[in-house]
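# Structure for this input, please:
(chains A and B)
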Amino acid sequence: MKIATWNVNSLKVRLPQVLDWLGAQRPEVVCLQETKLVDQDFPSAELQAAGYQAAFAGQKTYNGVAILSRAPAQDVQVGIPGFADEQKRLIAATIDGTRIVCAYFPNGQSVGSDKYAYKLKWIEALTGWLRGELARHPRLALLGDFNIAPEERDVHDPKAWEGQVLFSEPERAAFRELIGLGFADAFRLFEQPEKTYTWWDYRMMAFRRNMGLRIDHILLSAALAQACRACGVDKESRRAERPSDHAPVIAELA
DNA sequence: ATGGCGCGCGCAGCGCGA
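Purely as a prediction, here's the structure:
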């Protein structure tokens, strides 16, 4: 069972690439972030034709998340229970007995800003909620754009990024808290090429120079980590014409 | 890395992302 996450930066613009990619990769489950579509505009028919059902939660202009799956999605939930949030950043569903949580973490803008405070609050609420979810669902995966590079090796220039949003110590501590619930970072279960990232700025030819960050992640519960056979970043999609600034992360479960 | 790109909105140029 192949599961994946991809921040598409507008599903409207990226739909042709997503459809091509689904055909090439044939994943069972795909979590999308930054769909930037209201629900009426979600391309359900096109995805259906490609063999995928979709559970989605969108809003105008910003954010928006979706779970695509070959098998039906059950017990769909939108948002973090008990955390009032206008922004559509989380959707969860059970697919083939595996609980899938698709998350678009707040960006945080800059350290010390209101958006940064919101980011940390949001992650705190997520962490509190997931503690119970992990107990309820032994087979649980958290996939998404975390907007956090957890370690120095996840940043092309750790010195330059030190203390900056996406790599600041409070954000990295929040990531470690999440891991501490009992997750494994699927990417780090395996040997990986050095300097593997998932996001590159559109500017400054950052992709060609591999000036990236690893901020998109797949976290697996203990049972799923046991079953995980491979995990990697699909850089090919970032080479396309009009690419998303993020590359997909894919994990293979037995 | 502190401007540069790409997106949505909506028709000019701004807010936002990361």
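
# what ranges do the strands span in chain A?
A:2-7, A:29-33, A:53-57, A:65-69, A:74-78, A:90-95, A:98-104, A:140-145, A:184-185, A:199-200, A:212-213, A:216-220, A:228-233, A:249-253 (DSSP state E).

# In TSV: those, plus mean neighbour count and distance to DNA strand B.
Where you see a C-beta, it was placed from the backbone N, CA and C, and this is true even at glycine. Shown next, in TSV, are the strands of chain A (neighbours: other C-beta atoms under 10 Å; distance: least, C-beta to the nearest atom of the strand, whole Å):
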stretch	mean neighbour count	distance to DNA strand B
strand A:2-7	25	5
strand A:29-33	29	7
strand A:53-57	21	15
strand A:65-69	26	12
strand A:74-78	14	19
strand A:90-95	24	14
strand A:98-104	25	7
strand A:140-145	26	5
strand A:184-185	18	18
strand A:199-200	22	4
strand A:212-213	23	5
strand A:216-220	27	9
strand A:228-233	18	14
strand A:249-253	23	14
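
# Switch the ones you listed over to TSV, and while doing so, append mean pLDDT to every line.
TSV is the format used below for those (pLDDT from 0 to 100):
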stretch	mean pLDDT
strand A:2-7	98
strand A:29-33	98
strand A:53-57	98
strand A:65-69	98
strand A:74-78	98
strand A:90-95	98
strand A:98-104	98
strand A:140-145	98
strand A:184-185	98
strand A:199-200	98
strand A:212-213	98
strand A:216-220	98
strand A:228-233	98
strand A:249-253	98
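
# Format those strands as a markdown table; extra columns: distance to A:Val111.
Listed next are those as a markdown table, based on distance: least, C-beta to C-beta, whole Å:
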| stretch | distance to A:Val111 |
| --- | --- |
| strand A:2-7 | 21 |
| strand A:29-33 | 22 |
| strand A:53-57 | 28 |
| strand A:65-69 | 25 |
| strand A:74-78 | 29 |
| strand A:90-95 | 23 |
| strand A:98-104 | 20 |
| strand A:140-145 | 19 |
| strand A:184-185 | 23 |
| strand A:199-200 | 18 |
| strand A:212-213 | 15 |
| strand A:216-220 | 21 |
| strand A:228-233 | 26 |
| strand A:249-253 | 25 |
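
# mind checking how far the residue of chain A most remote from its centre is from A:Lys119?
Farthest-out residue of chain A from its mean C-alpha position, per C-alpha atoms, centre = their mean: A:Lys159, at 25.2 Å. The gap separating A:Lys159 from A:Lys119 is 23 Å, by C-beta to C-beta, to the nearest Å.

# How about A:Gly163: what's its closest non-neighbour residue?
Nearest residue to A:Gly163, sequence neighbours excluded (C-beta to C-beta, 6 or more residues apart in numbering): A:Val111, at 6.6 Å.

# Fine by me, thanks again.
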